[in-house]
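> sequence unknown, structure follows:
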């Protein structure tokens, strides 16, 4: 009888911990998606600079438009990579990861020249 109760408790603990792990994963994915939404919004707000007479500001607006498109088109892959790399749920860590992912996919020097 004691072994059956012990086995049942062990199974319950395993099931409960796997349920928590699933909810943590979902919570983590939701956090990453929210951070990506914020990055897209930030990039979108900089598109107003495209009407500037300054070439530098126009280039900056174009860069941010490209970033927003990259984040939107690669959202699922970025979230999956962040989950796999276990990026901590802190906005500055996610921002660093997203910026690095964007600039790593550009050919060398493209972001600096135009």
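Sure thing, it's come through. All values reported here derive from a predicted model rather than from experimental measurement. Residues are numbered from 1 along each chain as shown.
> tell me the centre residue of the chain?
residue 32 (4.2 Å; C-alpha atoms, centre = their mean).
> Residue 63 sits in which helix or strand?
If you go by DSSP states H and E, residue 63 is part of helix 55-73.
> make that residue 42, sorry
Per DSSP H and E, residue 42 falls inside helix 2-45.
> how far away is residue 98 from residue 63?
Computed as C-beta to C-beta, to the nearest Å, the residue 98 to residue 63 distance reads 14 Å. Placement of C-beta: from N, CA and C, glycine included.
> what about the two, which has more around it?
More neighbours surround residue 98 than the other of residue 98 and residue 63, with 22 against 18 (other C-beta atoms under 10 Å).
> Skip the chain neighbours and tell me the closest residue to that one.
Using C-beta to C-beta, 6 or more residues apart in numbering and skipping the chain neighbours, the partner closest in space to residue 98 is residue 39 (5.7 Å).
> wait, isn't the one you found in contact with residue 95?
Yes - counting by C-beta atoms under 8 Å, residue 95 is a contact partner of residue 39 at 7.0 Å.
> Between the two, tell me which one has more neighbours.
Taking neighbours as other C-beta under 10 Å, residue 39 and residue 95 compare with residue 39 leading, 23 against 14.
> Quick one: residues contacting the more buried one.
Counting by C-beta atoms under 8 Å, 6 or more residues apart in numbering, residue 39 makes contact with 67, 68, 71, 95, 98.
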